[in-house]
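[1] what's the 3D shape of this:
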Amino acid sequence: MRTSRFLFSGALCVCFTLSAFAQEAKKTAEPISLDNVDKVGLLSTGKNDALFLENGPGSNELLLISRDSTTIVDDKSLMLLRKIDASQSKGLTFSKDQSLTSWFEGEKTIIRNEKTGATVSLNAGKDPGSAAFSPDNTLLAVGEAVTTEQSEGSGYSVVRVFESATGKLIHTLDTGHDGYGAVRPVFSPDGKVLAVGNRNFETRIFDVSTGKQLHVLPKRMTQEIAFSPDGKTLAAAYVDGQLGLWDIKTGTELHMVDSGCPEIFSVAWNSTGDVLATCGPSGGKQTANAFVRMPGKVLLWNAKTFTIAKELMEVQWSGRVRFSRDDTRIIATVKEMRTLDDSPRLVVWSTDAPVALSTSASNVQIPMRAARESLSLPSVAIPTVAVSPDGGNVYAPLNNGGELAMWDLTTGDQTLVFKGQHASQIWCVGISPDGSTVATTSRDKTAKLWDAKTGDLLATMECQNDRLNCLTYSPSGKYIVTGTGKQWPHSPKGPVSARIWDATTGKQVSEFKVHQDTIRDARFSADETHVLTSSEDHTARLWEVVTGKETHVFSHTSSITSMAFSPDGKKILTASAGWQSHYIDANGKPAAPSTKLWDAATGKLLIETPHQQGVTATFSESGDQIVTASRGVITFYDTASGKELATHREPKIGTDVVFCPNGRYFVVITPDEPLELWSIVAQEPVCRMEFASPYLSFFSHDSRNLYSLTRGGEFRSWSTHRKSEK
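    Take a look at the predicted model:
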């Protein structure tokens, strides 16, 4: 679950695009109400570094909060009015009439009288989170969440209420003594009641004059709470995506409804109390039978019937949503759902928008597919396995040493221990396309060739360099290519080697000694005349199998993450990471992640597509499309023109993707969630597989099976094809 603890945790930065907003400032829109909610449409959207927003101290002011600074802008034109000094940005809070300002300075909370300039310093705890002035300015409530141990969940939450004129402590309100929970105090419009939302526990209602707890609302884990304008009702946005309404007088639940979002980050009322606005990020929920994908949304609600009155926008992420003080506009900080640009945006809706934006995308039901077979392998420091072409046997290191063993995937039984072993840990295991031989590499500077059925050692391939880092059979099984890791301990001592071996005799055919850093991957061309290798030296290189002669070099400004030959072999695709190698000086150039399409015959760069984050890529089965995965964004491009065809956002930022060899599928790997299999042709997920956080996932050579392995040795297989497919 995502948290919002950092709402006012530090100084934040803002940068604007003003022209579109300024042009709309001349218009006068109707105040938004139930009578005209159907007219509300998108007025403006633009890049902006603001992550959160609040109504500012003035009647037409908006407080924008970014990572580096806090600014105040006009709430209609969004033109900059003034910047807040960095020393006053943390926990910045204004009284309703602008006469008082409060902020956090170290372990002190400062209250300043804006008319006289006088300040009051008070101790509101070591780590105050948020604060609020009472409507009459006499009180300041400050929330603090304290962890007593390293893990979240151990600690307490408290709200302290002070006299704003003297700094005298009036009440200490216990808001979660059983454990840690970020808190946000909110005064009722008449100032008689204080509600405290708790990120991990229940919302609590207190009498301001006595400090007595009136109610504990049983629903747990609020992201934000807001009083209705008449003070009789409390709206609560919950981390499970529900929106609740509570009666303040009795503490009873009036309504509780699912928003259709996995979470709700923010909730706000219009001034007449008949419309609510909410926003929440994208994500998903696991039901008994399927994983339900849920887009983030900005929504308007009928506060009388507690039903959705208008869907304003689908979003990937949301920060805050607010009505302007005159109710003519709704303003939110979001990251849009379908764009390669991950920048936050400031979005404005109004009744006088030129075109209303409507979205009608429904939830996607993704079936859960059970594993076909599974077995438990020995837990090894660096898991590595190979599966026979028929899917019947699994080959893996027997322990952390150099022994190799075979398991029957159907029965889970260990059926063979190979005769002989490496002198050090096995690093990589591969199997020939016909399943007759198995090859292994080790940190003992050797590769070994084995009979896959009998376990007999057929050949030992001696290398001069350190650890053999990768191993690949050629399509026909005639050759094996091995790649060398960096020299121990940290930096290369001269070039590292890739070698071609005869897969029958184990004799060396050729050596390629040009890469300057660890070789991560190697691919044979379909005709087996060339090999493509990638390295942390920021290059992929094409070279001849028999001679070891370099044909072309394909350069990036960071390490190569993936590479592929097009199905017809005429093009080469490379993709790069978002960080530079630790070992090679890239001539001062910053890492610029990108995908590059090259002519395989000439080495000429055909198309380059920049990405904001590290990216992996492959060709579709037909070769007419390129598929990229970059920080949770799946994008499809036309191979011939480089034109973007479609973009899909995954809910998790740190998504990893593994592509299948034939370009039909890819699997999305998200920490602590099931694997998700996507069809490249359909451009959508087709099923999910219950197996969280595997260390290693790969497809079979024919792409008809998916295999995954954890560090603990749990291994599972799934069929990826339907019976109708050949």
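[2] thinking A182 is in contact with T147, fair?
    No: with contacts counted by CB atoms under 8 Å, A182 stays clear of T147, the gap being 10.5 Å. (Each C-beta comes from the backbone N, C-alpha and C, glycine too.)
[3] with neighbour numbers in mind, choose between those two.
    A182 (25 against 14; other CB atoms under 10 Å).
[4] out of everything not next to it in sequence, what's closest to that one?
    Spatial nearest neighbour of A182, excluding adjacent residues (CB to CB, 6 or more residues apart in numbering): R199 at 3.9 Å.
[5] what is the burial count for the one you found?
    Counted with other CB under 10 Å, R199 comes out at 24.
[6] for K108, give me its contacts.
    Residues in contact with K108 (CB atoms under 8 Å, 6 or more residues apart in numbering) are S121, L122, N123, A124.
[7] again, only this time at 6 Å
    S121 (CB atoms under 6 Å, 6 or more residues apart in numbering).
[8] select the longest strand from the chain.
    Secondary structure assigned by DSSP state E gives strand 307-323 as the longest strand of the chain.
[9] and the next helix or strand after that strand, what's its mean pLDDT?
    For strand 307-323, the succeeding helix or strand toward the C-terminus, using DSSP states H and E, is strand 329-336. Averaging pLDDT along strand 329-336 gives 90.
[10] what does stretch 590-598 give?
    The pLDDT scores in stretch 590-598 average 90.
[11] got the CA coordinates for that stretch in CSV?
    Coordinates of each C-alpha in stretch 590-598 appear next as CSV, following Å, rounded to 0.1, in the frame of the first residue of the first chain:
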residue,chain,number,x,y,z
PRO,A,590,24.9,11.1,-18.7
ALA,A,591,23.0,7.9,-19.1
ALA,A,592,20.2,8.4,-21.7
PRO,A,593,18.0,5.3,-21.8
SER,A,594,16.8,4.5,-25.3
THR,A,595,15.8,1.8,-27.7
LYS,A,596,17.8,1.7,-31.0
LEU,A,597,16.9,0.0,-34.3
TRP,A,598,19.9,-0.9,-36.5
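[12] mind listing what's buried in that stretch?
    A591, P593, S594, T595, K596, L597, W598 (16 or more other CB atoms under 10 Å).
[13] assess the claim that the fifth one and A575 are in contact.
    Put plainly, it is K596. No: at 7.6 Å, K596 and A575 do not qualify as touching, with contact defined as CB atoms under 6 Å.
[14] need the contact partners of stretch 324-336.
    For stretch 324-336, the external contacting residues (CB under 6 Å, 6+ apart) are 29, 31-32, 50-53, 55, 59, 75, 270-271, 277, 279, 298, 315-323, 344-345, 347-350.
[15] try stretch 265-277
    Contact with stretch 265-277 is made by 32-34, 223-224, 226, 228-229, 235, 237, 278-280, 300-301, 303, 318, 320-323, 327, 330, as judged by CB under 6 Å, 6+ apart.
[16] the stretch 51-200 of the chain: strands as residue ranges?
    Taking DSSP state E, counting those that start in this stretch as the criterion, the stretch 51-200 of the chain contains strands spanning 52-55, 61-65, 70-74, 80-84, 93-94, 100-105, 108-113, 119-122, 128-133, 139-147, 155-163, 169-176, 183-187, 193-198.
[17] pull out the buried residues from stretch 626-644.
    Of the residues in stretch 626-644, 626-637, 639 count as buried by neighbour count, 16+ other CB under 10 Å.
[18] same question, stretch 690-700
    For stretch 690-700, a neighbour-count test (16+ other CB under 10 Å) marks F691, P694, S697, F698, F699, S700 as buried.
[19] average pLDDT for it, rounded please.
    84.
[20] and it, end to end?
    In terms of CA to CA, to the nearest Å, the two terminal residues of stretch 690-700 are separated by 19 Å.
[21] picking up where we left off before, take the contacts of stretch 324-336 and, keeping just the buried ones, write it as a ChimeraX select command.
    Buried residues within these, by 16+ other CB under 10 Å, are selected in ChimeraX with:
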select :29,31,32,50,51,52,53,55,75,270,277,279,298,315,316,317,318,319,320,321,322,323,344,345,347,348,349,350
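[22] hang on, the earlier thing: which of the buried residues of stretch 690-700 fall in strands?
    The members of these that map onto strands under DSSP E are S697, F698, F699.
[23] let's have those in a markdown table, adding distance to A423.
    Converted to a markdown table, these look like this (distance: CB to CB, whole Å):
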| residue | distance to A423 |
| --- | --- |
| S697 | 30 |
| F698 | 27 |
| F699 | 32 |
